[in-house]
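K.L.:
got a sequence here, can you build the structure:
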Amino acid sequence: QVQLVESGGGLVQAGGSLRLSCAASGRTFSDLDMGWYRQAPGKEREFVAAISWGGGATYYATAVKGRFTISRDNAKNTVYLQMNSLKPEDTAIYYCNAAAGSEGYWGQGTQVTVSS
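P.N.:
All right, here's what the predicted structure looks like:
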């Protein structure tokens, strides 16, 4: 079982930045592929970014490519999402995801609100 705790959400003006963190416990962190997803009101949850267990591969949704950066610190069991040039359409609850083979785990989410 993997426990995930997100932090770092909040209210920011358009053009601003936020950094989300997700602390993992319950399993060897370096065994896990990690990702971020988001869900806006009235919409389905969507993929934002992912990073492989060793950090050597990263993936981004088209909507955030060039603005968001995913990274991880295996010594701290933490994955980050640096979000720059935020837009009102980035407003959503952001969820951390951990994957190990066929197993997947979710955090409780952190709210990001971008005002225009």
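K.L.:
show me what Gln3 is bridged to.
P.N.:
Ser25 (DSSP bridges).
K.L.:
who are the neighbours in contact with it?
P.N.:
Shown in contact with Gln3 (CB atoms under 8 Å, 6 or more residues apart in numbering): 24-26, 105. (Each C-beta comes from the backbone N, C-alpha and C, glycine too.)
K.L.:
select only the buried ones of those residues in ChimeraX?
P.N.:
Selecting only the buried entries of the contacts of Gln3 in ChimeraX, with 16 or more other CB atoms under 10 Å as the criterion:
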select :24,105
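K.L.:
in JSON lines: the contacts of Gln3, plus pLDDT and distance to Ile51.
P.N.:
As requested, the contacts of Gln3 are exported to JSON lines (pLDDT from 0 to 100; distance: CB to CB, whole Å):
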{"residue": "Ala24", "pLDDT": "96", "distance to Ile51": "12"}
{"residue": "Ser25", "pLDDT": "94", "distance to Ile51": "18"}
{"residue": "Gly26", "pLDDT": "93", "distance to Ile51": "19"}
{"residue": "Tyr105", "pLDDT": "96", "distance to Ile51": "15"}
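K.L.:
pLDDT wise, what is the residue lying closest to Ser30 once chain neighbours are set aside at?
P.N.:
Nearest non-adjacent residue to Ser30, counting by CB to CB, 6 or more residues apart in numbering: Asn74, 4.6 Å away. For Asn74, the model assigns a pLDDT of 94.
K.L.:
for Asn74, what are phi and psi?
P.N.:
For Asn74, the backbone dihedrals are phi -70, psi -20 (criterion: degrees, to the nearest 10).
K.L.:
closest one of the contacts of Gln3 to Gly42?
P.N.:
Tyr105 (25.3 Å; CB to CB).
K.L.:
coming back round to it: make a markdown table out of the contacts of Gln3 and add distance to Ala63.
P.N.:
As requested, the contacts of Gln3 are exported to a markdown table (distance: CB to CB, whole Å):
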| residue | distance to Ala63 |
| --- | --- |
| Ala24 | 25 |
| Ser25 | 30 |
| Gly26 | 31 |
| Tyr105 | 24 |
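K.L.:
out of the contacts of Gln3, which two sit at the greatest distance?
P.N.:
The span of these, defined through CB to CB, is set by Ser25 and Tyr105 at 10.7 Å.
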